[in-house]
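> Predicted model, plus sequence, below.
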Amino acid sequence: MIQRLILFISLIFFFLSSAEAQDFRMYILLGYPGSGKGTFAEALKERGYKHLSTGDILREEVKKKTAIGLRYKNEIDSSSRLLPQEVIRTVVFNQLQELIEKKEKLILDGFPKTVEQAKYLDHLIESCSLGQSVRVVYIDVPLNVAFKRIEARRSCGKCGKIYNLLAAKPKITGKCDICNASLIQRACDNAESFHKRILLFNETVKHVLTYYESKKNLIKINSNKSIKDFINQANVLDETHDNI
């Protein structure tokens with residue numbers, strides 16, 4: 001009788017765990033600055049996803065004037081060089097691991113940037129038996145289009161909402177639609193910083209793309225289209241997530 005009860009309870013836990021794994025989904029977004037990773041993430045946030053942007057996390061460190069924010073302010077503001085692995089581990093890894101273990105529907109934006117980080121992420125995902133629920137998406141866009149988007153990008157200094165003066169303008173010039181705070185242009189949203197960030201991308205993230213391609217786990221989508229069409233593409237991709 002006791003053995004049957006133990007078996008019954010074990011089966012319940014198994015089916016509950018399987019259901020959670022089926023509900024879990026993760027997108028790893030890769031692409032040039034200005035490719036549309038933020039727009040893709042915003043579309044899926046409305047479908048219940050949590051957006052984990054390493055850039056936003058690090059900029060929050062600067063805003064809060066933490067030890068890491070103060071020490072690496074210039075590097076974080078320019079986004080033109082990799083931070084030491086121990087910094088990424090402190091501000092990203094722990095939060096990422098917690099979300100994965102909770103099986104949150106998750107979008108990773110800006111991570112991984114190196115093959116070493118990609119392998120760490122693979123290990124974390126596989127240790128939770130969630131490998132089949134992860135899609136790596138490379139958002140492709142011509143460099144000149146990405147640069148125009150970066151130059152036109154503005155963000156709310158208070159709530160962080162992103163706007164684009166070419167395609168997604170605020171209702172009131174210079175003001176956030178959500179909280180009415182002033183919009184700002186990030187220090188890295190200029191020609192010099194864009195060039196440095198592209199060099200960094202080619203030195204690091206391109207190797208990550210090759211790594212995922214070798215594992216046949218890379219989906220390429222084109223973002224050189226209207227925002228409406230691009231958002232629709234993101235939604236369709238999510239609707240067919242399990243069949244890709």
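That came through, no problem.

> Got the confidence number for residue 80?
With respect to pLDDT, residue 80 scores 78.

> Same question for the one 10 residues further on.
At residue 90 the predicted local distance difference test score is 85.

> And for the one 3 residues further on?
According to the model's per-residue confidence, residue 93 sits at a pLDDT of 84.

> Then residue 127?
Looking at residue 127, its pLDDT is 85.

> now swap in residue 242 and tell me
Confidence at residue 242, expressed as pLDDT, is 55.

> Surely residue 28 is in a strand?
Yes: assessed with DSSP: H, G, I helix; E, B strand; the rest coil, residue 28 lies in a strand.

> ok, now which ones touch it?
Counting by C-beta atoms under 8 Å, 6 or more residues apart in numbering, residue 28 makes contact with 108, 111-112, 121, 134-137. C-betas here are computed from N, CA, C, even on glycine.

> Quick one: those residues as TSV, columns for secondary structure, pLDDT and neighbour count too.
Shown next, in TSV, are those (DSSP: H, G, I helix; E, B strand; the rest coil; pLDDT from 0 to 100; neighbours: other C-beta atoms under 10 Å):
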residue	secondary structure	pLDDT	neighbour count
108	strand	94	25
111	coil	91	23
112	coil	94	24
121	helix	92	22
134	strand	90	19
135	strand	93	17
136	strand	95	23
137	strand	96	20
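
> Quick one: these as TSV, columns for distance to residue 33 too.
Shown next, in TSV, are those (distance: C-beta to C-beta, whole Å):
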residue	distance to residue 33
108	16
111	14
112	16
121	21
134	23
135	21
136	18
137	16
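
> Kindly indicate which of those lies nearest residue 61.
Closest to residue 61 out of those is residue 111 (14.8 Å), distances taken as C-beta to C-beta.

> Skipping its backbone neighbours, what lies nearest the closest one in space?
Using C-beta to C-beta, 6 or more residues apart in numbering and skipping the chain neighbours, the partner closest in space to residue 111 is residue 54 (4.7 Å).

> from what I can see that neighbour touches residue 92, true?
Yes: using C-beta atoms under 8 Å, residue 54 is in contact with residue 92, at 5.5 Å.

> most centrally placed residue in this protein?
In the chain, the C-alpha nearest the mean C-alpha coordinate belongs to residue 109, at 1.4 Å (C-alpha atoms, centre = their mean).

> and the strand or helix carrying residue 126, what does it pack onto?
Element membership for residue 126, per DSSP states H and E: helix 115-127. Counting contacts by 3 or more C-beta pairs under 8 Å, 6 or more residues apart in numbering; DSSP states H and E, helix 115-127 packs against helix 94-101, helix 205-214.

> For those, which has the smallest mean pLDDT value?
Minimum mean pLDDT among these: helix 94-101, a mean of 84.

> buried stuff in that one?
By neighbour count on 16 or more other C-beta atoms under 10 Å, the buried set for helix 94-101 is 96, 99-100.

> which other helices and strands contact that helix?
On a contact count with 3+ C-beta pairs under 8 Å, 6+ apart, helix 94-101 meets strand 50-53, strand 106-109, helix 115-127.

> at 7 Å what do you get?
strand 50-53, helix 115-127 (3 or more C-beta pairs under 7 Å, 6 or more residues apart in numbering; DSSP states H and E).

> Mind listing residues that contact it?
Residues outside helix 94-101 that contact it (C-beta atoms under 7 Å, 6 or more residues apart in numbering) are 50, 52, 106, 124-125, 128.
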